[in-house]
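Asks: have a look; sequence and predicted model below, questions after that.
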Amino acid sequence: MITQGSRKYPVTEIMLHTSATPTNWHVGKGAVKIRNEIDRWHKARGWRGIGYHRVFIPDGKKANGRSIYTIGAGCAGRNRGVIHLCLVPHTGIQSMGAFEDFYTEEQRKAVKDYIKEVVKLNGKGVKVTGHNDFSSKLCPGFKVISKEWGGI
């Protein structure tokens, strides 16, 4: 079982997020550069660093953020035992839509593959949620249905 923090909170959830960046913001930037920009933004807000555990860009590549064994900072009041995944949209999100309105099939496959890795490493299933399940934000821009992402 994956646990987080010194109190060993068991991981029971994966939460999907958006970087809330404008259309084509990602163009010409690789996954690591994008991850570093998000890290800089989060530090500017007074955080220890990037709040997400992984960042997925439109070509399906990913970059590591925080260790999955470290409590993230993705959703106020809902970080212990949660792995936070950030998807970088190819177009700005102005209203709720469908996954394919903002993200690519390469991202869908990469995120689903990563969730499978987590489930295998965790030794048990996890619930997959969206930030908007717990906040009045659009993030990640679509309604997340756990079973469609390999969750319980």
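Replies: Yep, that arrived.
Asks: what about the strands in the protein?
Replies: Along the chain, counting by DSSP state E, strands occupy 3-4, 9-10, 13-18, 54-56, 62-64, 82-87, 127-130.
Asks: among the ones you listed, which is nearest Ile71?
Replies: strand 3-4 (4.8 Å; CB to CB). For every residue, glycine as well, the C-beta is placed using N, CA and C.
Asks: who does the closest one pair up with?
Replies: Take DSSP bridges as the rule and strand 3-4 pairs in its sheet with strand 9-10 (antiparallel).
Asks: now do the strand it pairs with: everything it contacts.
Replies: With contacts defined as CB atoms under 8 Å, 6 or more residues apart in numbering, strand 9-10 is touched by 1-3, 71, 80-81.
Asks: any idea how far stretch 63-70 is from the chain center?
Replies: Distance of stretch 63-70 from the chain centroid (CA atoms, centre = their mean, to the nearest Å) equals 11 Å.
Asks: pull out the buried residues from it.
Replies: 63, 65-66, 68 (16 or more other CB atoms under 10 Å).
Asks: pLDDT and distance to Lys109 added to the residues you listed, as JSON lines?
Replies: Formatted as JSON lines, those follow (pLDDT from 0 to 100; distance: CB to CB, whole Å):
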{"residue": "Ala63", "pLDDT": "98", "distance to Lys109": "17"}
{"residue": "Gly65", "pLDDT": "98", "distance to Lys109": "20"}
{"residue": "Arg66", "pLDDT": "97", "distance to Lys109": "23"}
{"residue": "Ile68", "pLDDT": "98", "distance to Lys109": "20"}
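Asks: just the ones in helices from those, please.
Replies: Among the buried residues of stretch 63-70, no member falls in helices (DSSP state H).
Asks: which one of those residues is nearest Thr129?
Replies: Of the buried residues of stretch 63-70, the one sitting nearest to Thr129 (CB to CB) turns out to be Ile68, at 16.2 Å.
Asks: hmm, back to that, sort the contacts of strand 9-10 by pLDDT and name the bottom one.
Replies: Among those, Met1 carries the lowest pLDDT, at 94.
Asks: against Asp133, how distant is that residue?
Replies: Met1 is 23 Å from Asp133, where distance means CB to CB, to the nearest Å.
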